[in-house]
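Peer 1: generate a structure from the sequence data that follows.
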Amino acid sequence: ASILWAFAKVNRKSTQLFRLMENQLIMHIDTLDSRSISNTVWAYAKVGHISSELFDAISYKAIEKIDSFNNQGLATTVCAYAKVRHLSPELFEAISHKVIEKLDTFKSQNIANTIWAYAKVGH
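Peer 2: Numbering: from 1, shown residues only. Sure, this is the predicted structure:
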């Protein structure tokens with residue numbers, strides 16, 4: 001996840017790397033923690049590498065680990081899904097419940113980003 005984040009941070013799209021990592025991430029999905037999940041989907045969205053199979057797999061893992069996400073991770077994850085227009089109603093529902101639960105601890109930017117994401121996908 002860190003390698004993908006670094007490539008995306010400098011806006012370097014390596015289709016070959018992202019495709020290779022996609023398969024590895026799916027095979028090792030159980031090893032991802034909440035930070036790796038949000039960084040990974042952010043990286044794929046940032047460089048525009050769309051992988052429905054990966055985003056589907058990660059959505060289930062994110063729901064499973066929803067309690068371990070920090071506020072920024074929740075906002076980043078939902079924004080990444082919205083940016084690539086990958087619909088995952090179960091994930092959006094789980095994140096919305098967690099955001100409402102933690103709303104008083106959210107920074108205004110995370111609130112704005114989360115609202116944008118829900119508006120973008122019409123959820």
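Peer 1: give the contact list for the residue sitting nearest the centre point of the chain.
Peer 2: In the chain, the C-alpha nearest the mean C-alpha coordinate belongs to residue 77, at 2.8 Å (C-alpha atoms, centre = their mean). Taking C-beta atoms under 8 Å, 6 or more residues apart in numbering, we find residue 77 in contact with 37-38, 41-42, 62, 69, 91, 95. Bear in mind the C-beta positions are built from the backbone N, C-alpha and C, glycine included.
Peer 1: which among these end up buried?
Peer 2: 37-38, 41-42, 62, 69, 91, 95 (16 or more other C-beta atoms under 10 Å).
Peer 1: any idea how far residue 16 is from residue 38?
Peer 2: 24 Å (C-beta to C-beta, to the nearest Å).
Peer 1: count of neighbours near residue 3?
Peer 2: Neighbours of residue 3 under the rule other C-beta atoms under 10 Å: 12.
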